[in-house]
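In: Build the 3D model from these lines:
(4 chains)
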There are 2 protein chains.
Amino acid sequence: MLDQNEITSIRSFNRNYTKLLGILNKKVLDTPLSWTEGRTILEIYFNQDKTPIEVANHLNLDKSYTSRILKRFEKNELLYKSPSSTDLRSKKIHLTTKGTKLAQQLDERSDQQIKDLLINLSPQQQQEFYEAVKTIDKLLFNRK
Amino acid sequence: MLDQNEITSIRSFNRNYTKLLGILNKKVLDTPLSWTEGRTILEIYFNQDKTPIEVANHLNLDKSYTSRILKRFEKNELLYKSPSSTDLRSKKIHLTTKGTKLAQQLDERSDQQIKDLLINLSPQQQQEFYEAVKTIDKLLFNRK
DNA sequence: TAAAGTAGTGGACTTTGTCCACTACTATGC
DNA sequence: GCATAGTAGTGGACAAAGTCCACTACTTTA
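Out: Numbering: from 1, shown residues only, chains lettered A, B, ... in the order given. The predicted structure follows:
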């Protein structure tokens, strides 16, 4: 088992890393979207035809809250809903052209943020960073 | 430079890791404190005699907001303030016995959370995790 | 086909955080 | 010394983010 100093180091890292990402997320990229709105539009972008409830579950949001976000998006012509063919209570969400553009912008800028983060590292260091991330990812989330 | 797939992996890791820590932080450990309140009391715990403004700056909080949190803590007898000897505008913050106990509890439980996170890993894997964390910490935050 | 459950929505609310203005003090330049 | 600018701490007013509940319209289960 790890000792106290190691645990403390991990907690310190967690604080620093979440703070760093939090700062990135604050700036949220010159879009008119809040952090949660950004996650929502990307969720839809990467997964068209999702239903509101699926979005809410996947992002761990209250369904009522999600409903309101989607309504706002609809009002701003970022998306439209179509009735589900199988369940009359349900709806499928689709991004409009405008919504798709915004999502792409957000997606690109999120990539750019990662690049900016690593800009001061040498190629070797960047590789090292990547390997470390993959290691943690594998250990905690059981991915390859 | 890292390629698109690697960037995507890092973003995916960031989402998963912040979500994981967020979930940890939500439960905030059976204390009656919110996440920010928890950070605040630990800040004072590890650094007695701080002034409100120092706490606010270090935690990146609005000074007005901080003032209200401290007031609440004072009302709940978690801390008391004494006048600064050098600056009559300013005050030093001290935890009461009750406040110290709460901070210790929070601190211990934060350690425990990290342990819980790693409980399913073998000692070798835990060491691997630790090394990966240190690598990222060093690369991003210039620590040894 | 009755009963239980689910998708989506809105009302009402709490929590969290921001912005501004103010008082009381301190530091700086002359 | 004294005017001026700056800072610590506080509260009012507000906005943003999120939660909880109740309801309608539908679907699933027994």
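
In: For the rest of this, base every contact and every neighbour count on C-alpha atoms.
Out: Will do.

In: element containing the spatially most central residue of chain A, please.
Out: Compute the mean C-alpha point of chain A, and by Cα atoms, centre = their mean the closest residue is A:Arg39, 4.3 Å away. Here A:Arg39 sits within helix A:35-45, counting by DSSP states H and E.

In: Give me the contact list for that helix.
Out: For helix A:35-45, the external contacting residues (Cα atoms under 8 Å, 6 or more residues apart in numbering or on different chains) are A:25-26, A:28, A:50, A:55, A:59, A:69, A:93-95, A:99-100, A:103, A:106-107.

In: Pull the contacting residues for the nearest residue to A:Ala56 once chain neighbours are set aside.
Out: Spatial nearest neighbour of A:Ala56, chain neighbours left out: A:Lys63 (5.5 Å); criterion: Cα to Cα, 6 or more residues apart in numbering or on different chains. Applying Cα under 8 Å, 6+ apart, we find A:Lys63 in contact with A:Pro52, A:Ile53, A:Ala56, A:Asn57.

In: Turn these into JSON lines, columns for neighbour count and pLDDT.
Out: Formatted as JSON lines, these follow (neighbours: other Cα atoms under 10 Å in any protein chain shown; pLDDT from 0 to 100):
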{"residue": "A:Pro52", "neighbour count": "21", "pLDDT": "97"}
{"residue": "A:Ile53", "neighbour count": "18", "pLDDT": "96"}
{"residue": "A:Ala56", "neighbour count": "18", "pLDDT": "96"}
{"residue": "A:Asn57", "neighbour count": "12", "pLDDT": "95"}
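
In: between the helix or strand where A:Gln113 lies and helix A:35-45, how big is the angle?
Out: Using DSSP H and E, A:Gln113 maps to helix A:97-118. Relative orientation of helix A:97-118 and helix A:35-45, computed by axes from the mean of the first three to the mean of the last three Cα atoms, to 10 degrees: 110 degrees.

In: Report the rounded mean pLDDT for stretch A:66-73.
Out: Regarding stretch A:66-73, the rounded mean pLDDT is 96.

In: now the helices for chain A?
Out: A:4-26, A:35-45, A:52-59, A:63-75, A:97-118, A:123-141 (DSSP state H).
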